[in-house]
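**Student:** Need the 3D shape of this:
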Amino acid sequence: MNIAELFKQKVDEVQLINLPVNSNYLEVGKSIGYEFTQSSSSSNEVSKYIYKEIKRKLQGNDIDNNQFDNLRKQLLIEYFLDTKNGEYVKYIEVISDATRELNSYVSIGIQWDDVLTLVSAHANLRTYDPLANIDDIYLKEKAIAHSIKYLNTKGFETSLVNGNVIISNEVQKRIATALDVRF
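**Tutor:** All right, here's what the predicted structure looks like:
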């Protein structure tokens, strides 16, 4: 099973992001073990804590930054192919935002369960919507998805693996032949 499939399986197991929104940041903070002090009593403080915990829990040497970027790219392209995949993008965007300085991550396993629970708690804070400006930010991934859709509607089979479009040699020859005929 590739990294994207493992990630989606973990997200499906957690499935907390669709629970009713808990707008009370105090309850969200308490549910994840955040200890409030007199100087820390805002949803922003809880959000910072969640980000810090996500980063701490994902530090490791199993998944390098390139693999993580490919996972993100895979999920984004899948989202643009079919927006029902938005939940996965919500999770990966929060994780990516929280772990900007990490060069490598732990492998997808039990540690990720805690992280995905934290992402769900962050979603309950509703400090921002990870999908709000996605169409404007990820133009490359959107263009790739549209190209995949176009090729597939024209009968050219493609697949997406680790964020890369895979086209067999046979299909590449068919595409080249179709282009030669047109020009």
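**Student:** By mean pLDDT, flag the weakest helix or strand of this protein.
**Tutor:** Between all helices and strands in the chain, the lowest mean by mean pLDDT, DSSP states H and E belongs to helix 25-31, at a mean of 84.
**Student:** right, and the helix or strand after the strand or helix carrying residue 72?
**Tutor:** Using DSSP states H and E, residue 72 sits within helix 65-81. Per DSSP H and E, helix 65-81 leads on to helix 86-98 as the next helix or strand towards the C-terminus.
**Student:** ok so, going back, run the angle between the helix holding residue 72 and helix 86-98 for me.
**Tutor:** Angle of helix 65-81 versus helix 86-98, following axes from the mean of the first three to the mean of the last three CA atoms, to 10 degrees, is 150 degrees.
**Student:** Now do helix 65-81: which elements does it pack against?
**Tutor:** Counting contacts by 3 or more CB pairs under 8 Å, 6 or more residues apart in numbering; DSSP states H and E, helix 65-81 packs against helix 3-14, helix 86-98, helix 139-153, strand 159-161. All C-beta atoms are positioned from the backbone trio N, CA, C, and that covers glycine.
**Student:** Okay, buried residues for that helix please.
**Tutor:** Buried residues in helix 65-81, defined by neighbour count with 16 or more other CB atoms under 10 Å: 68, 70-81.
**Student:** what is the mean pLDDT for it?
**Tutor:** Average pLDDT, helix 65-81: 95.
**Student:** sorry, back to before: just the helices and strands packed on helix 65-81: most buried one?
**Tutor:** Using mean count of other CB atoms under 10 Å, the stretch among the helices and strands packed on helix 65-81 with the largest mean neighbour count is helix 86-98, at a mean of 21.
**Student:** Show residues contacting stretch 32-39.
**Tutor:** 26, 29-30, 45-46, 49-50, 53, 117-118, 121 (CB atoms under 8 Å, 6 or more residues apart in numbering).
**Student:** same deal with stretch 113-120?
**Tutor:** Against stretch 113-120 from outside (CB under 8 Å, 6+ apart): 10-11, 13-14, 16-17, 19, 32, 50, 53-54, 57-58, 90-91, 94-95.
**Student:** returning to that earlier point: could you identify the most distant pair in the contacts of stretch 32-39?
**Tutor:** Maximum pairwise distance in those, criterion CB to CB, is 18.7 Å, between 45 and 117.
**Student:** Does residue 90 touch residue 130 like I think?
**Tutor:** Yes - counting by CB atoms under 8 Å, residue 90 touches residue 130, with 4.6 Å between them.
**Student:** May I see the ChimeraX selection of the buried members of the contacts of stretch 32-39?
**Tutor:** Burial among the contacts of stretch 32-39 is assessed by 16+ other CB under 10 Å; the matching ChimeraX selection reads:
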select :29,45,46,49,50,53,118,121
